[in-house]
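[1] model the structure of this input:
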Amino acid sequence: MLINAPPEEKLDPRVKRTRRLLEEAFSELIREKDFQSVSIQDIAVRAGINRATFYAHFPDKYALLEHQIRQEFRAEIEKRTLNACHFSEDNLRALILTVCEFIGEAPVGRSTGWHSTGMNRKTTTLWASTLKR
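    Residues are numbered from 1 along each chain as shown. Below is the predicted model:
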């Protein structure tokens, strides 16, 4: 990411726009082909920017992948309003359930580099059903 980048809400609108273009291009490409097959050039072309601009935002595609996962997980936490909760047994159960479901929705069969945690859908479903009790 940008070196010493300010928090997301304080970013210049041009930076936000470029980052959004990169995120959208990356998401589209990941749906079309394996992570390993996606190049920085592919992402840059799809986003309508040059490679140097990509590198001004992310050091490599792995950093972009990590950013995407972090953003998606944050959105899931916010959707379930877990970011505003105190830590009770029920809230911790809901947080763990969210994590399991998030991992369970990971693109199976794709070589994304982040679904190698060993938690497949069967394991995730088992954890989720246990936690819902």
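
[2] below-threshold pLDDT in this structure: ranges please.
    1-9, 80-87, 106-133 (pLDDT under 70).

[3] show me the helices in it, by range?
    Taking DSSP state H, the helices of the chain run over residues 13-32, 40-47, 51-57, 61-79, 89-104, 121-132.

[4] ranking those by burial, who's on top?
    Mean neighbour count, computed with mean count of other CB atoms under 10 Å, is highest for helix 40-47 among these, reaching a mean of 17. Using the backbone N, CA and C atoms, a C-beta is placed for each residue, glycine as well.

[5] what residues does that helix touch?
    Helix 40-47 is contacted by residues 18, 21-22, 24-26, 28-29, 50-51, 53-55, 60-61, 64 when judged by CB atoms under 8 Å, 6 or more residues apart in numbering.

[6] what's the closest of the residues you listed to residue 38?
    residue 29 (4.7 Å; CB to CB).
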